[in-house]
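Participant: only geometry, no sequence info:
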């Protein structure tokens, strides 16, 4: 992980493999090198605050001289997201259907995918800070399935938004033809706020896709343990990322049992050795980073600083 040109670094993988520790430690490492770094958790089960031993919430807080932290609150962002849509819609609909619009939005708030869409908006807001407020943004992502849904939203919803724009444009053209003698109505149609809203969403998705598929700006690191299930899940996720052109930077194999662990761990250590060979065979085209199992939990700045020291030694 020696490339200093990247603006966005993602750590993801199966739950419990140590993504938060790796993201926090790597962010701390880069801040020590003189970069202004923001570390962001998109995992609903936030543990970034626990890792640093400091309060981190939905507002950015400073952790060290050049390091800041943020935990994206999915429920809060979903409420803000729906409120913004409601405000936009109520400005362009007739008074008679206001209550119906509110009811539909309440249903939408409870629907699958609402939180991912809301998080994505916050996600884009944060990404736009790169190069301005921060030199680099490090993301501690949710377990693999949730992350795949989030990072592929630009591809999936971008096409849907394009379809909506085209359909609305056709309807608008028909209305303009019928309103050719009504200049006031014609002017309103030309300044159509729905098209403006849809185009703004399209631009958001386009920006997100451009950033996340640019290997000069973005890298995704999979964190896994030397065990069968995380290896298979990582292999499937990498193939999925390939379909969406999201660049994979490498593999972080966490919690490697050291030889000095003693006889009690020897059988487990031998099993890890076999899995490490499997990892090298499956993922040999990527950089593979091995992190040792530590003798204590990550519970504050001292412990996460020790992991940052290990990342330093790997450069």
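Facilitator: Okay, I see it. Just so it is clear, the model here is predicted, and its values are computed rather than measured. Numbers count the residues shown, from 1 in each chain.
Participant: tell me the helices and strands packed up against the helix or strand in which residue 266 is found.
Facilitator: Using DSSP states H and E, residue 266 sits in helix 266-283. When contacts are defined as 3 or more C-beta pairs under 8 Å, 6 or more residues apart in numbering; DSSP states H and E, helix 266-283 packs onto helix 228-243, strand 248-256, strand 287-292. Quick note: C-beta positions are derived from backbone N, CA and C, even for glycine.
Participant: for the record, mean pLDDT for that helix?
Facilitator: Average pLDDT, helix 266-283: 95.
Participant: just want the angle from it to strand 287-292.
Facilitator: 170 degrees (axes from the mean of the first three to the mean of the last three C-alpha atoms, to 10 degrees).
Participant: out of the helices and strands packed on helix 266-283, which is the most enclosed?
Facilitator: With neighbours taken as mean count of other C-beta atoms under 10 Å, the helices and strands packed on helix 266-283 reach their highest mean count in strand 248-256, at a mean of 21.
Participant: that strand pairs with which strands, parallel or anti?
Facilitator: strand 218-225 (parallel), strand 287-292 (parallel) (DSSP bridges).
Participant: go ahead and confirm residue 298 touches residue 49.
Facilitator: No - with contact defined as C-beta atoms under 8 Å, residue 298 and residue 49 do not form a contacting pair (11.7 Å).
Participant: residue 69 should be in a strand, yeah?
Facilitator: Yes - when DSSP: H, G, I helix; E, B strand; the rest coil is applied, residue 69 is found to be in a strand.
Participant: run through the stretch 1-150 of the chain and note the low-pLDDT ranges.
Facilitator: 1-5, 77-78, 81-116, 143-150 (pLDDT under 70).
Participant: what are the ranges of the strands in the stretch 1-150 of the chain?
Facilitator: Taking DSSP state E, counting those that start in this stretch as the test, the strands found in the stretch 1-150 of the chain are 8-13, 37-41, 61-64, 67-71, 136-143.
Participant: mind putting the ones you listed in a markdown table, distance to residue 246 and mean neighbour count included?
Facilitator: Below are those laid out as a markdown table (distance: least, C-beta to C-beta, whole Å; neighbours: other C-beta atoms under 10 Å):
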| stretch | distance to residue 246 | mean neighbour count |
| --- | --- | --- |
| strand 8-13 | 9 | 25 |
| strand 37-41 | 17 | 26 |
| strand 61-64 | 27 | 16 |
| strand 67-71 | 22 | 23 |
| strand 136-143 | 12 | 25 |
